[in-house]
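>>> For reference, the sequence and a predicted model appear below.
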Amino acid sequence: MSDIKAVPVDGFNGSPLIPTGNPMIDGVGAAAWADRADEPDRTFHGAPKIVPMRLDPTFSVAKGDPDPRGLPVEAVDKVVAGTVIELWVDRAEPQVRYYEVQLSGTERRIMLPAGFVQWPNFGLWGNDRLLVKSITAAQFADVPAIRRDDQITLLEEDKVMAYFAGGHLYATADRSEPII
């Protein structure tokens, strides 16, 4: 078990915890993850389940459907964080699970979970982009990395998902304040 990087608000049992560092990286509260196996999820036949589309020729973007590769990724602060360079597919449930994003002005690539993306024009009216409302453009630099460019492990998936999920509470100071 790892140390929890948070302290109680008050001195009584059950008091809410306040993060002491960067909760999105430290895995606190809404950004918490499970210490899952650091190996890829596998198909029934033993192959890695989630892979880049370039490695599985049985997957493609359907003819006539828009392809998000090459589109900018706009963060909650309306700043472009990077460009979609690849789609990662789930071999067991044929769908896109992640967008691989090349961050602007750097060689770094990150995984962007499909569930945290809005595609307002869906390639239909031009001026297209993918929107990510969970984090700011600067926070894309701290998205947990994956070790390999051909598969993602269960632990890496949890950390990436937790980072984006945590952004809904921790990305900006006003998000963790009361609504009223």
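Perfect, I can see it now.
>>> Just give me how far the helix or strand of the chain with the lowest mean pLDDT sits from the chain centre.
Of all helical and strand segments in the chain, the minimum by mean pLDDT, DSSP states H and E falls on strand 17-19, at a mean of 83. Distance of strand 17-19 from its chain centroid, counting by CA atoms, centre = their mean, to the nearest Å, is 23 Å.
>>> do stretch 87-96 as well
Put simply, stretch 87-96 sits 15 Å off its chain's centre (CA atoms, centre = their mean).
>>> Could you pull out the buried residues of that stretch?
For stretch 87-96, burial by neighbour count (16 or more other CB atoms under 10 Å) applies to 87-91, 96. The way it works is simple: take the backbone N, C-alpha and C, and place the C-beta from them, glycine included.
>>> how close does Pro19 sit to Val9?
11 Å (CB to CB, to the nearest Å).
>>> Who has more neighbours out of the two?
Neighbour count, other CB atoms under 10 Å: between Pro19 and Val9, Pro19 has more, with 21 against 10.
>>> Now the phi/psi pair for Leu155, please.
Leu155 adopts backbone torsions of phi -60, psi -40, taken as degrees, to the nearest 10.
>>> ok, how many other residues are close to Glu107?
6.
>>> For Gly82, see how far away it is.
From Glu107 to Gly82 the distance is 11 Å (CB to CB).
>>> How about the contacts made by Glu39?
Glu39 is in contact with 153-154, counting by CB atoms under 8 Å, 6 or more residues apart in numbering.
>>> make it 6 Å
Neighbouring residues of Glu39 by CB atoms under 6 Å, 6 or more residues apart in numbering: Thr153.
>>> which residues in this protein form strands?
Using DSSP state E, the strands assigned to the chain run over residues 6-8, 17-19, 50-52, 72-74, 80-90, 95-103, 109-113, 130-131.
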